[in-house]
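# let's see this in three dimensions:
(2 chains)
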Amino acid sequence: MKNIYNKNILLILLALMLSCSDDFIEVASQDENSEEFFNSEADYQKALIGAYDLLQSTYLNVMLGEIASDNTLAGGESATDVPGIQEVDDMVHTPLNAQLRDIWNWMFAGVNRANFILEFQDKTDFSGKEGVIAQARFLRAYYYFELVKWFGDVPLAVDKRIQFGEQFSLERTSKGQIYAQMEEDLVFASANLPYVQNETGRITKGAAQALLGKVYLYQEKFSEAATVLEDLINNGPYALLTDYSTMFENDNENNIESVFEVQYTDKEGAGFGCLQCSEGNVAVGFNGIRNYSGPVFDSGFSFNVPTQEVVDAFEEGDIRLDTAILDIDAWAEANNASFSTGYEHTGYFNRKYIARKGDLNTGDANLTNPNNYRAIRFADVLLMAAEALNRGGISDTRALTYLNRVRTRATLDALDVTGTELTNAIYQERRVELVGEGHRFFDLVRTGRAAQEINGFVAGKHEVFPIPLIEIELAGNIWEQNPGY
Amino acid sequence: MRQKLFKMLMLLCFSYASGQNIEISGNVQDNSGFPIPGVNVIVKNTTKGAVTDFDGNFTIVDVPTGSILVFSYIGYVTKEVTVNNSDKLTVTMEEDLAKLDEVVVIGYGAQKKKEVTGAVSVVSSETIEALKPTRVEQALQGQVAGVNITSQSGSPGGNTTISIRGVSTNGDSRPLILVDGNVIEDLSVINPNDIASVNVLKDATAGIYGVRAANGVILITTKTGRKEQPLTIEYDMYVGFQETTRKIPVLNASEYGALVNEAFAAGGETPPFSDLSQLGVGTDWQDEVFEKAPIINHGITFKGGNEKSTYAFNSSFITQDGIVGGSKSNFTRFTQRASYNVDLLDNLKFTSGLFLTRSSKRNLVESALGSVLFNALNMAPTIPVIDEEGRFTIAEGLGNEVINPIAQTVNTNDLTKTLRLSGNAGLGYTFLDHFTAQANIQFNYSEVDGYVYRPIQNYGSGKVFNVDRSEVVERLDYYRDYTFDAFVKYENSFNDTHNVKALLGTSVFRTKGVFTGLRGFDVDTTAPNIDNADEVEDINQARGFDPRFDSRLLSYFTRLQYDYKGKYLFSAVIRRDGSTKFGPENRFGYFPSGSIGWVASDEDFLSGSNTLNFLKLRASYGILGNDRIRDFGFISLLNGEGTYVFNNELAFGLGTGAVSNPEIRWEKQKTLNIGFDMRLFNNKVDITADYFQKRTEDLLVVPQVSGLLGVGAPGASAPTVNAGIVDNKGIEFAIGYSDNISDDFKFSIKYNVTAIQNEVISVSGDGDFIAGGSFGVGQDPPARMEAGFPIGYFRGFKTNGIYQNQAQVDASPTINDRVQPGDLIFVDTDGDGDIDDDDRVNIGDPIPDATMGLNISFDYKGFDFAAYAFASVGNEIVRNYERNQNLTNRPRYFLDRWTGEGSTNSDPRVTTGANSNILFSDYFVEDGSFIRLQNIQLGYTFGEEVFENSKISKLRLYVTASNLFTLTEYRGYDPTASSGDPIGGGIDQGFYPNPKTFLFGLNLKL
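Predicted coordinates for the structure are as follows:
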C-alpha cells in the first residue's frame, strides 16, 4: 500500500517536471508588432498621426534657423547656456553640436514614420486611402526638405523604413535626387488632397501646393514655382488676414491666412528629458521673457532675441513692427511689469512666438505653450509667387501685385518697381513680413546673400550645417563631412 | 583453528568484562548552561540512541558499560563520552567555532562548507543581528569580500545598488536575489531580523542559475523553528534618532554679499548690495532643512517545534523619519511572516512560508538639480524663510532651478505604498534510499500604489518647479510572479571513499504585471484626490498601449558532484535556459560551469599539523548569462509615442518604440576563480583568498545608434545590441582571528579587502563610446563607457592652476577669447594649439581601487562589544551641487578664490561675466576615498540567574551608533553619493546623506 502511495507521488513529481514544454516561452507581445500592423483603416490613421507627431519637433528648426540669421541673437542665461545654440548664432558651430544632432535625428524619425506607412501602403484597402497616402507623402517631403536645407545631401529612403543593420551602408543621396522625390510626393499630395479637411490641422491640397512651390523656388525652378503658387493663389481658399496684429494670438489659430500650420497644445505635460515628446511649442518658452512678471506674457528663457538691426529694417509706419518685436523696456514701463536680463540682452523679444498668459500652464509650463507655428502663411505664398514671377522673368506686373497685397495689409504704400529693384523689394518684404518665423537664414542662403548679411558666415561652408560627427560614425563612417567643417 | 578459538575466547572475555548493561540518562547543555533539545545521542557503532527533549534530557536503556556515546547537533562540535556507570551525565557541547559543518546554500541544495569548491560567502544571522540594519543590504556592505553596496540615497527606505565583483555592464547589473527560492528584487520589503543566512555566489558556482547568473546570485534563507524546541518568544525593539553627518560650509549673508558684489563688479555690472553691514549672518538654509529624525522598531518572534514539525511566526514594525523633510520622507514598514514545516511521512516532508509586507515611503526630490539639499546649498542667505506676511519667500534671480527648499518640502506630497504577499510551499520525498525528489512553488504578489499631488505654487518667476495648475496623479501597479522548481537528487557513497551527488531538475519562472494610473488637474485642495479633479485621463491607456508585461523563463539543469574521501572535490553544472527576452533563434542558451577542490590538509603529509589545521585549494570556471534587458527587443513594437493635435484636441496615434534587433542574444560572462581557504593555529585564524577574472562578452548594451533608424522619435529608443567586452579582474582576501582567551573573554577580529580592476575592452566596434550622467546645465554628459577605460569614467578638461596674468593668457591656447587672468587653465592635452573637445581626457572614475571592511568584537562576561568600519580607496566623485548663478550662494572655499596675481593657484575668480570655469574639468572631480565607522555597539546580557522565578530566559540591552564618523577629503555631504548608474554614477547633485544614527534597544527571550 505504502509502495503504491510512494509510486504515485513519484509519478506526480515526474509529471510536474515534464509538464512544461518549450511552448511555455512563446509569449505574444501585448503591444502591436509593427510587422503585423495595417489591417484596418484605423491602423493607417494611427500610424499617420505618429508621422505627424514629428512636425512638433520642428520648433527647433524654426528657432535655430532664426538665430543663425542676422535677425536674432542666441541669448539665454549665459554664454554657456545651451552651447549648441550659442555656436550657431556665432557661426562657430562644429560637427559636435547637440542641437544640430537633434534636428538630424528628429527629421529622420519623421522620415521613418512616414515611410513606415508607405512601406505597407498596399497591404489593406479602404475607401479614402489615397488621402492617407497623400498626407504621408507630404510629411516625408516636409521632413526631407528640412534635412536638405540644413545638411544638403542626405541618405534617401523611399517607401521603406531604414532598419537596424542597414544604417552602415547608406550613401548620401544628392540634393537634386531628393528634391525630385519631394516634387513627386508633393504633386501626388496636391492631386489627392482637398483644400478643406474635416479636421483642422490636417494637411490640405493648399499646404502641398505651397510646399511644392517652395521646393521649386529653392531650386530656382521659377516657372514651375510660379505655376503652382499662382494656382494656389487663384483657386485656394486663403486670404490675407486683415488685422495683422491678431495673427499670432492663440485665439486666431488656423486662420484664413494659414496655409499650413503645425499644431500644438497645452493639454499634456512635458519635461526636458524628451523635448520632442512635448505636445507644446518648446521654442515659445525658450523665446520668452526672462523672469517676467506682469500682464499678457508669461516668463521664459530669453533665447532668440531680435537685434536692433532687424528692428531698424522696418519702414516707418509698418504696423507689423509692434506685432513682431516686443520692446521690453517700453512695455515694462507702460504695464508695470518686471523682468530680468539674460545673456546678449537687446531689449527686444520675438513677440510672435513668446509665451503668453491664458494657457493651461501644464508642467513644465515653459515647454507646453500651445502657440501653433504658422509654417506657411498666405503672405509667404504671395511673396514666393512674386519672387518666382520676378526672378524667373515671367511677369513683374503680377509679381508687383502680389508684393503690394502684402504691403498694403501692413499699411505701407504700394511700390511701383521692376527688375532687380523689385527683387530686392521682395527680399526686404520677406524679411519684415516673416521675421521670427525661421525663414530668414535659408532665404539668405538660397539667394546668395548670407555672406554679406551674417557676421562670421563663410561662403562655401556655412550654406549647410555640418553633419553631426557622431552620426557619420554611427552610419559606418563612409560619408564625407560637408565642406569646411 | 586455534587462532579462531582464541579470538572467540577473547571476545567472550571482553563481553564478560564489559558486558553489564545499564540505563544511561543525562542532560545536554550549551556553554552558557542552556539545555539543548534535539541533540542526537547514539551509542557508537550501534543503531541504539535517543534524542534530547525540550529540557535537554535523554535516557537510553540497555547500554553496555564502556560504550561510547556520540552526541551530535548541527552547529556544535560532535562529542564522544565513554560511559562506565549509570550516574546521570551532564554533557556540555561546544559551539563549532570552526564551523566545519557549516552549511552553505549553493542553489537547489546545500553543501558543507568544507566541500564547497566555489567562491561563496555567507553572512550569518548573528552578523545581521549585530548590525541592526533597516535594510538587508546594509548588513552586506564590507562584510563580504567582493560585494559592494552603495546607497542611492540616505533617505529612509532609500534604494541601494548591489554589485558583485565589479560592474560588468552598463545595463542592469543587479544580481539575482532569491529569498527561500523566491525571486525578490526589492529587499526593502524584508525584515532583516527574519534572515537566517545570506549566501553570495560570486563565481561560476552561480552557473546553476544559468542565464540569470552573470551579475552574481544572492540566496537568502529565512528563519524557521527547530524540532523538539519548546515555544520560544523573542521580542526585539530599538528606538533612536538620526542626524546629518555634516553640513557643507557655505557663506553667511555678509560674506555672500561681499562675494556677489565682487562678481558683479568683475562682470562690469552694478554690485547689488550697497550696504554689506546690514546683512549680518542671514539664514542658514541647511539648519532650516536638516532635523533630528526618530526611528522606532519593534519585532516579535514565536518559534518552536515538535518531533515532526517546526513553526515560526514573526511580526515587525519600523518607522523612520528623514533627516531632510522629517515626516515628508518617512518610511514605515509592517511585516508578518509565518513558516511551517512538517514531516508528513518519514520520507515525505512539507515546507511552507508566507510573508506579508506593507510599507509606505514618502518621497522628496533628491539627488538632482533642484533637490531640497541642492536648494539649501544654493539659496541666498540674505533671504529669510518666510516674509513679513508669513508667506514663504520666493527666490528671485537665482536661476530657474533654485527655489526655497522649505516651501518645496511643504508642497511635496508624494507617497508610495507597497503591499506584498509572498509565499512558498514545497514537498520533499525520499525514496529508494539514495533519491530525494523535491517540488517547490514560490510566488509574489504586490501592489504598488503611488500618489502625487502638486498644489498651485509660485516659487518665483520662471522657476521650472512652478505649478500653475494643480495636478494629482494616482497610480496602482500590480506585479505577480511565480517560480516552480522540481528536481531529483541522488546521493551515495561507495566504500566510504567515492561520494557521489547528482541533481537533475527543471524550473519555470513567470512574471507579469499591469500598470494603471490616472492623472487629473484643477484639484480640490481640501481633498486632493483624483475624484476631485478635472480632465482626468488614464496615463497608460490614453495612447492605446497595453500597459502589461509577461516574461518567462524555462530551465533545465543538472549538477554532478564527486569527491574522493572528501579530499578531492569535483563539481560540474550545466543549465539550459529559454528566455522570452530573446527571439526564436536565440531563445535557448546552455551554460556550463565546473569547479575542483583539494583539501590538502587531509593529506598525510599535512594532517598532523598543529599550525595548519585546514587548507583547501579551489578553482572554478564557467560561462554565465545575463538576460536583464527589456522584453521584446527582438521585434519592433508600436509602443512609441505618436500624439498630435487635430481640432485642437490630442489625437493619439502610434509609433515604433525601441528599434528592434532580431539578432539579440544573451550576454556571456566567462568567469574564472582560483582561491584557497585556510585555518591556522587551532582554527583561531581563518583565511580565505580568491583571484578572479571575469570577461563579459556580447555585452547587452543600448548604444547610440544612427538617427537614420528613427531613434529620435518620441518614445523611440535605440535597440539593445550585443556589443562590447568588459573585463573585471580582482583579488579578495579575508582574514579572521577569533579566540576564547578565557571562559569570560572572547575576542574576534575580521578584515577583508577587495581590489577590482575594471576595463572596457570594446564598445560596439572601435572608437565608440556610450555617454551618460549629467553635469551642470546644458553641458555634455560627463561620463563614458569607452574602450581602454574603466566603465563610467569621467571625461573632461584637465586643469593646471589659474592664469595669473594677461601675459600668461596670451601665451597659451584658450577655449575662447573671453578667458582672463583668474580663470582656470585648461590643458591642451593633444598639443594641437587649440582647447577643444579633443582635449577632454580621463579625469577619474567612480570605481574604487579597493574596498575593505574591519570587524572587531569581544564578549566579556555579560558585555558584548562590536565595531565595524568600512573603507573605500581610489574612487573619484564629481562635485555638482553648485548652481553657479550670479546670486546663488557658494561653499566657503570660494573665500580662497583668485583675487589678483599670486593670490591662489587653485580656485578661480568670481565674475558674472561669461567664463568657462564651470565647464566640466578636474576642478570638479575630487578624491572620494573614505573610511567610515559604520557601526559600533555595546550590549549587556542579563543571564538566566537574574530571572530565576520568571519566564524570561535572556535579556540583552544595547546601545549602538551607526555612521558615527567618516574620514574623507571629499567636500560634499557623503563620499558614497552615487546614483548607482554604471555610467553617470558618482556625480553628487546634493546627495541625501546617509544619516548618523543612535539607537537604544533590547532583546528579550522567553
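
# only C-alpha atoms from now on, for both contacts and neighbour counts.
Noted.

# which residues does B:Ser188 contact?
Going by CA atoms under 8 Å, 6 or more residues apart in numbering or on different chains, B:Ser188 touches B:135-136, B:157, B:159.

# go again using 7 Å as the cut-off
With contacts defined as CA atoms under 7 Å, 6 or more residues apart in numbering or on different chains, B:Ser188 is in contact with B:135, B:157.

# also B:Leu377?
Shown here is B:Leu377, whose contacts under the criterion CA under 7 Å, 6+ apart are B:286, B:889.

# show me how far the helix or strand hosting it is from its chain's centre.
For B:Leu377, the enclosing helix or strand under DSSP states H and E is helix B:372-378. For helix B:372-378, the distance between its averaged C-alpha position and the chain's averaged C-alpha position is 28 Å (CA atoms, centre = their mean, to the nearest Å).

# now stretch B:689-703
Between the mean C-alpha point of stretch B:689-703 and the mean C-alpha point of its chain there is a distance of 19 Å (CA atoms, centre = their mean).

# and it with chain A, contact?
No - interface with chain A: stretch B:689-703 contributes nothing (CA under 7 Å from any CA of the partner chain), its closest point being 10.0 Å away.

# what sits up against that stretch?
Stretch B:689-703 is contacted from outside by B:168-171, B:667-677, B:718-734, B:770, using CA under 7 Å, 6+ apart.

# can you tell me which of these end up in strands?
For the contacts of stretch B:689-703, membership in strands holds for B:667-677, B:721-722, B:725-734, B:770, with DSSP state E as the criterion.

# intersect those with the contacts of chain A.
Okay, of those, nothing touches chain A (CA under 7 Å from any CA).

# residues near residue 119, how many?
Since you didn't name a chain, this refers to chain A. Applying the criterion other CA atoms under 10 Å in any protein chain shown, we find 15 residues in the vicinity of A:Glu119.

# I was after chain B.
B:Ala119, neighbours per other CA under 10 Å, totals 27.

# so it is in contact with B:Ala206, correct?
No - counting by CA atoms under 7 Å, B:Ala119 sits too far from B:Ala206 to count as a contact (9.3 Å).

# nearest to chain B: which residue in the stretch 51-200 of chain A?
For the stretch 51-200 of chain A, the residue closest to chain B is A:Ala109, as judged by CA to the nearest CA, at 3.7 Å.

# and that residue, what does it touch?
A:Ala109 makes contact with B:710-713 under the criterion CA under 7 Å, 6+ apart.

# what's in contact with stretch B:47-65?
Applying CA under 7 Å, 6+ apart, the set of residues contacting stretch B:47-65 from outside is B:18-29, B:35-43, B:83-85, B:228-230.

# contacts only, for the residue nearest to the spatial centre of chain A.
With the centre of chain A defined as its mean C-alpha position, the nearest residue by CA atoms, centre = their mean is A:Thr58, 3.2 Å away. Not one residue lies near A:Thr58 by CA under 7 Å, 6+ apart.

# in three-state terms, label B:Ser422 for me.
In three-state terms, and counting by DSSP: H, G, I helix; E, B strand; the rest coil, B:Ser422 is strand.

# do I have it right that it meets B:Ile441?
No - checked against CA under 7 Å, the pair B:Ser422 and B:Ile441 is beyond contact range at 10.8 Å.

# so what's A:Gly65 up against?
A:438-439, A:441.

# which of the residues you listed sits closest to chain B?
The shortest distance between chain B and any of the contacts of A:Gly65, using CA to the nearest CA, involves A:Gly438 and amounts to 21.5 Å.

# returning to what we had before: which of the contacts of stretch B:689-703 are buried?
Neighbour counting with 16 or more other CA atoms under 10 Å in any protein chain shown marks B:168-171, B:667-677, B:718-734, B:770 as buried within the contacts of stretch B:689-703.

# residues contacting B:His352?
Actually, residue B:352 is Ser rather than His. B:339-341, B:424-426.

# tell me which element B:Gln704 is part of?
Per DSSP H and E, there is no helix or strand for B:Gln704.

# and for it, the neighbour number?
Neighbour tally, B:Gln704, other CA under 10 Å: 19.

# thought it was touching B:Ala718?
Yes - because the distance of 6.5 Å satisfies CA under 7 Å, B:Gln704 is recorded as touching B:Ala718.

# which non-adjacent residue is nearest B:Asn159?
Leaving aside its sequence neighbours, B:Asn159 sits nearest to B:Gln152 (CA to CA, 6 or more residues apart in numbering or on different chains; 5.4 Å).

# beta partners for B:Phe794?
Bridge pairing for B:Phe794 (DSSP bridges) gives the partners B:Ala783.

# ranges for the strands of chain A?
Ranges of strands within chain A are A:72-75, A:258-262, A:289-290, A:299-300, A:303-306, A:325-327, A:348-350, A:373-377, based on DSSP E.

# most tightly surrounded among the ones you listed?
Ranked by mean neighbour count, the strands of chain A are led by strand A:303-306 with a mean of 32 (mean count of other CA atoms under 10 Å in any protein chain shown).

# roughly how far is the helix or strand harbouring B:Ile233 from the heart of the chain?
Assignment of secondary structure by DSSP H and E places B:Ile233 within strand B:232-243. Centroid separation between strand B:232-243 and its chain, computed with CA atoms, centre = their mean, is 22 Å.

# go on, stretch A:468-480?
When C-alpha coordinates are averaged (CA atoms, centre = their mean), stretch A:468-480 and its chain have centres 24 Å apart.

# same thing with stretch A:83-99?
The chain centroid and the centroid of stretch A:83-99 are separated by 19 Å, computed with CA atoms, centre = their mean.

# mind listing what's buried along that stretch?
Neighbour-count burial for stretch A:83-99, counted by 16+ other CA under 10 Å, picks out A:83-91, A:93-99.

# go on, stretch B:257-265?
Of the residues in stretch B:257-265, those buried under the neighbour-count criterion (16+ other CA under 10 Å) are B:257-265.

# any part of it near chain A?
No - contact of stretch B:257-265 with chain A is not found when judged by CA under 7 Å from any CA; the minimum separation is 13.8 Å.

# please report how far B:Val324 lies from chain A.
In this view, B:Val324 and chain A are 25 Å apart by CA to the nearest CA, to the nearest Å.

# and if you look at B:Asn682?
Distance check for B:Asn682 against chain A: by CA to the nearest CA, it reads 47 Å.

# pLDDT at that residue, what is it?
B:Asn682 carries a pLDDT value of 82.

# number of nearby residues for the closest residue to A:Asp90 other than its chain neighbours?
Distances taken as CA to CA, 6+ apart place A:Gly456 nearest to A:Asp90, at 6.8 Å, with adjacent residues excluded. The number of residues packed around A:Gly456, counting by other CA under 10 Å, is 14.

# equivalent analysis for the one 5 residues further on, please.
Using other CA under 10 Å as the criterion, A:Lys461 is surrounded by 13 other residues.

# just to check, it is in contact with A:Pro483?
Yes - because the distance of 5.8 Å satisfies CA under 7 Å, A:Lys461 is recorded as touching A:Pro483.

# distance to B:Leu1004 added to the buried residues of stretch B:257-265, as TSV?
Putting the buried residues of stretch B:257-265 into TSV (distance: CA to CA, whole Å) gives the following:
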residue	distance to B:Leu1004
B:Gly257	58
B:Ala258	60
B:Leu259	59
B:Val260	59
B:Asn261	63
B:Glu262	63
B:Ala263	63
B:Phe264	65
B:Ala265	68
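
# flag every residue of the stretch 301-450 of chain A that's near chain B.
Counting by CA under 7 Å from any CA, the residues of the stretch 301-450 of chain A near chain B are A:360-364.

# which of the residues you listed are buried?
If you count burial by 16+ other CA under 10 Å, the buried members of those come out as A:360-364.

# ok, back up a step: let's have the strands of chain A in JSON lines, adding distance to B:Lys501 and mean pLDDT.
Output for these, formatted as JSON lines (distance: least, CA to CA, whole Å; pLDDT from 0 to 100):
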{"stretch": "strand A:72-75", "distance to B:Lys501": "74", "mean pLDDT": "95"}
{"stretch": "strand A:258-262", "distance to B:Lys501": "71", "mean pLDDT": "97"}
{"stretch": "strand A:289-290", "distance to B:Lys501": "75", "mean pLDDT": "92"}
{"stretch": "strand A:299-300", "distance to B:Lys501": "72", "mean pLDDT": "90"}
{"stretch": "strand A:303-306", "distance to B:Lys501": "73", "mean pLDDT": "96"}
{"stretch": "strand A:325-327", "distance to B:Lys501": "85", "mean pLDDT": "97"}
{"stretch": "strand A:348-350", "distance to B:Lys501": "80", "mean pLDDT": "97"}
{"stretch": "strand A:373-377", "distance to B:Lys501": "74", "mean pLDDT": "97"}
